[in-house]
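Engineer: Sharing a model that was predicted from the sequence below.
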Amino acid sequence: MINNQHLYKPRKDVIFMPAFMVLILWVLYWFEFKFGFNFNSFGIAPQTLKGLRGILFSPFIHGSAKHLYSNTIPLFLLSLALFYFYRKLAYKVLLWGIVISGLLTWLMGQEGSYHIGASGLIYVLASFLFFKGISSKHYRLMALSLIIVFIYGSLVWGVLPGVPGISWEGHLAGFLAGLLLAFSYKNVVIIEKPTYEWEKDNYEEKDDEFMRHFDEDGNFMPSSEMESKAEENHADSTMTEVEFTYIFNVEKDKTEDI
């Protein structure tokens, strides 16, 4: 038997936080479009002091509806997986992922440009989920890593220079940040090892339902024999010692004279 106290219990933030993050992106873009603002200047401007503010702001800024839409679904699904499987680390990974990837983009990015969009954070999440799952050696988390490769394996090409107007530096920075976080939290236990009954300190073999199917020599007993043995044990346990006292009264034969 397994101790189920360690099993995961769904929480509200598993759905709420990914949905809330996506909602912020769309509300901010709607605000730009509705009132004619342009927040691109709040993006990461590499190697400039002013551009450091983009480390925190850039993931929430998008240049077009197409750009925003292309980031919405991956961000929601990957953050959903993060909060579901790594709820103890989710907020740390998000915060440090944004900071580290943003800082690396600021260091590596091309001068004279603004780097905006949530794609860097998407690379953080994909990289973290993949490498953390592989290093965990737990079948569920490793399966998640394979799913990430299957669905988002093509993201690896985004870390290479190629398409003009696409921040490959931001993608590479996100990938490296996720890798760094995965190995930084390598020893953090996410899914506890199941505790079996025989591993407990108060375990007694006679109380184990499974072990009752075997005799003293380890041979399996059919149900009929097991029931007979149980009845014998029950009978033995209910028997009480009774003391009997026998009293003999011996009288001599009487004779009468005629």
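Structural biologist: Sure thing, it's come through.
Engineer: What's the mean pLDDT across stretch 28-46?
Structural biologist: The pLDDT scores in stretch 28-46 average 93.
Engineer: now the end-to-end length of it.
Structural biologist: Start and end residues of stretch 28-46 are separated by 23 Å (Cα to Cα, to the nearest Å).
Engineer: May I see the buried residues of it?
Structural biologist: For stretch 28-46, a neighbour-count test (16 or more other Cβ atoms under 10 Å) marks 28-29, 32, 39, 42-46 as buried. Using the backbone N, CA and C atoms, a C-beta is placed for each residue, glycine as well.
Engineer: Which one of those residues is nearest to I134?
Structural biologist: Comparing these against I134 with Cβ to Cβ places I44 closest, at 29.6 Å.
Engineer: And that closest one, how far from G54?
Structural biologist: 3 Å (Cβ to Cβ, to the nearest Å).
Engineer: Scan the chain for its longest helix.
Structural biologist: Ranked by residue count under DSSP state H, the longest helix found in the chain is helix 13-35.
Engineer: Does anything pack onto whichever strand or helix holds I122? Which helices or strands?
Structural biologist: Assigned by DSSP states H and E, I122 belongs to helix 119-136. The elements that helix 119-136 packs onto, with contact taken as 3 or more Cβ pairs under 8 Å, 6 or more residues apart in numbering; DSSP states H and E, are helix 65-85, helix 90-108, helix 139-152, helix 168-184.
Engineer: pLDDT (mean, whole number) over the longest one?
Structural biologist: Per-residue pLDDT values across helix 65-85 average out to 94.
Engineer: that older thread, buried deepest among the helices and strands packed on helix 119-136, which one?
Structural biologist: Highest mean neighbour count among the helices and strands packed on helix 119-136 (mean count of other Cβ atoms under 10 Å): helix 168-184, with a mean of 22.
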